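Engineer: quick one: sequence plus predicted model below, questions after.
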Amino acid sequence: MLTSVIVRIVDFCARHRWSLIAAGILLVTAATAYDFARFSINTDSDALISQDLPWHQRQLALSDAFPQRGISVVVTAPTPENVDDATGALASALSKQKNLFPTVVQPDSGDFFARNGLLFKTLPEVRNSLAGLSRAEPLIAGLASDPTLRGVAKSLSLVAKGVQAGEIQLEHLVWPLSLAEQTLNGVLSGRAGHFSWQELLSGLPSQASALRSFIEVQPVLDFSALQPGHRATEGIRRTAADLRLGDRYGAKVALTGPVPMNDDQFSVIRQSAFRDISFAVLGVLVILWLALRSWKLILAVSFSLMVGLAVTAAVGLAMVGAFNLISIAFFVLFVGLGVDFGIQFSMRYRSERHEHDNLRAALRSAASKAGAPLALAAAATAVGFFSFLPTSYKGLSELGLIAGCGMLIAFVCSITFVPAMLAALNPPGEPASIGFAALAPLDAFLQRHRVAVIAVTVTAVLAGVPLLFQLPFDFNPVDLQNPASASVRTYRALQNTAETSGNDAEMLAPSLDEANTLAERLESLPEVARTLTLSNFVPGDQDEKIAAIKSPGQGLDAAVNTPPRQPAPGDAEVIASIRATGWLAAAVVNPTTDGTRTAPSNPA
């Protein structure tokens, strides 16, 4: 019955070929116009998952309680001071662009940490920093009254005199002088010079975490664009360039987070779209030529393919409203699978045309022999795609719906528009049998040794089954992205420390006490490196730290604010100060034979 119906459809289309072709042209025109008018793509990755899932609902609740920023701006610089200044300048500039960045947060720097940062250090670290400040009080007072190169030279002279008087040990100057040497060498080499007072006072090089700071940005996203955060990320880069952070602070700015990483991933699609489409079209044309060897048959199959693709796109838009990042792949699937129906029917037609000189008779015979198998193939392929419908992975279920309908549409087009085009174009008959004659011996070999071939195949499959248990599965979605992209490189660099690894599990608790109890239980697990609650953001030992800070506070306040500011020196005065300091430093470093440290006479 199915074969009889298909034969009648093919014969009807061949008999009314011009009407079918006109209807096909009108259909592809109307469908294409609808596609252009309604086409849209939703690039929101959260929309790929059904919001009815319990874990997704918890994720949305967490996002409502603690909004996710989307973009992490990583600022690095040679000194902690430069990092803070560069981060503050960039965050301030971004905060003024509310049309792109509704929320800009400095999680580890800014005004709050400038006022209270010492409290977040351990008590020994606080005392060590303050001891360094107390020792440097005379130096600070001198620089406060004369913040010029002359003031630096005079301060160094003061330190050298302290060594001469035995009040300061010479080895105490190794660290500050080595820092000064690095800075001056950089300047003399034509590079920007950077000096860290925090390193000077702590007596230790800055840790990598102190040379890096973050800005968390919540951007305005355009999910109708292929790269939703492109305007925001470009706005950050443009702002950083306008502020000349590299020239002023030696700072570098890098972006990572879900938004830049997704944009970098989607940019690959944009950059390779023309190349991939070109190769796909070329590949289809090569396959069509190898199979059909006639431009008339290729034109017939191509016309059917165009009608089917336009109609499937229109049906898909009508059903789902907008394509998502997965369902958009139906275009490739339709071309790759849909063209097979036209090829199979046309190949059967060529074989029958070799047997029947009459075109209509060859079409009826091809429909009789290939129609039912093609219908079953189309139904099986459609059912395979429709099997995606029950999944909660919305992106995949929509792809299954569109592609499944597309397979049925491709089959209908292959038994209507292909026969109509063949009847209109009337390709010549086939003088020889269809197929690759060179492969005929292979067919004969496989038929003669069919049992052996099947036995070898089954043996190979069974031998390979144990290897399946050793097959690894990579659950990390970051490994799917281009490792050379800037956002992925930044993410990988941050993974080296637990604080910025990104491998975090986030949990909500009804109260802070319950959160602290849960954190204690989790921290005992070997799989957990550390836990954080809001309590971790409240410094401990505050009374002791505040008392330690107040102790040298008055002296430092007087050193910084009391000295009157001296007028700026001229070049001659600066040179004289440097020379005097150099002579004094030479005497300190190279004492006389009797052990005294006396400055040489001024050669000038």
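Structural biologist: Everything's here; your move.
Engineer: show the average pLDDT along the helix ranked longest in the chain.
Structural biologist: In the chain, with assignment by DSSP state H, the single longest helix is helix 258-292. Average pLDDT, helix 258-292: 81.
Engineer: what helices or strands is the helix or strand just after it leaning on?
Structural biologist: As assigned by DSSP states H and E, the chain's next helix or strand after helix 258-292 is helix 295-320. Secondary-structure packing of helix 295-320 (3 or more CB pairs under 8 Å, 6 or more residues apart in numbering; DSSP states H and E): helix 17-38, helix 258-292, helix 330-333, helix 339-355, helix 394-414, helix 417-425. For glycine as for every other residue, the C-beta is placed from the backbone atoms N, C-alpha and C.
Engineer: can you rerun that using 6 Å?
Structural biologist: helix 17-38, helix 339-355, helix 394-414, helix 417-425 (3 or more CB pairs under 6 Å, 6 or more residues apart in numbering; DSSP states H and E).
Engineer: who does the helix or strand following that helix pair up with?
Structural biologist: The first helix or strand that comes after helix 295-320 along the chain, using DSSP H and E, is strand 323-324. Next to strand 323-324 in the sheet, as set by DSSP bridges, lie strand 41-42 (parallel).
Engineer: contacts for the strand it pairs with?
Structural biologist: The contact list for strand 41-42, computed with CB atoms under 6 Å, 6 or more residues apart in numbering, reads 223, 322-324, 328.
Engineer: pick the one among the residues you listed closest to L62.
Structural biologist: Compare each of the contacts of strand 41-42 with L62 using CB to CB and the shortest gap goes to F223, at 20.6 Å.
Engineer: so which bits of the helix or strand where I546 lies are buried?
Structural biologist: According to DSSP H and E, I546 maps onto helix 542-550. Residues 545, 548-549 are the ones in helix 542-550 that count as buried (16 or more other CB atoms under 10 Å).
Engineer: who are the packing partners of it?
Structural biologist: On a contact count with 3+ CB pairs under 6 Å, 6+ apart, helix 542-550 meets helix 123-135.
Engineer: what's in contact with the helix it packs on?
Structural biologist: With contact meaning CB under 6 Å, 6+ apart, helix 123-135 is reached by 118, 201, 541, 544-545, 548, 552, 556.
Engineer: distance to A131 and pLDDT added to those, as CSV?
Structural biologist: What follows is those, written out as CSV (distance: CB to CB, whole Å; pLDDT from 0 to 100):
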residue, distance to A131, pLDDT
L118, 13, 81
L201, 9, 66
D541, 17, 86
E544, 15, 87
K545, 14, 86
A548, 9, 82
P552, 8, 72
L556, 12, 70
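Engineer: now distance to S511 too, for those, in JSON lines please.
Structural biologist: JSON lines is the format used below for those (distance: CB to CB, whole Å):
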{"residue": "L118", "distance to S511": "30"}
{"residue": "L201", "distance to S511": "41"}
{"residue": "D541", "distance to S511": "24"}
{"residue": "E544", "distance to S511": "28"}
{"residue": "K545", "distance to S511": "27"}
{"residue": "A548", "distance to S511": "33"}
{"residue": "P552", "distance to S511": "40"}
{"residue": "L556", "distance to S511": "41"}
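Engineer: out of those residues, which one sits closest to N99?
Structural biologist: Closest to N99, out of all of those and judged by CB to CB, is L118, at 37.1 Å.
Engineer: mind checking what secondary structure the closest one has?
Structural biologist: L118 falls in the helix class when you classify it by DSSP: H, G, I helix; E, B strand; the rest coil.
Engineer: could you do V75 as well?
Structural biologist: strand.
Engineer: i'd like the first residue to be 30 from this point on
Structural biologist: Okay, using 30 as the starting number, the last item reads as V104.
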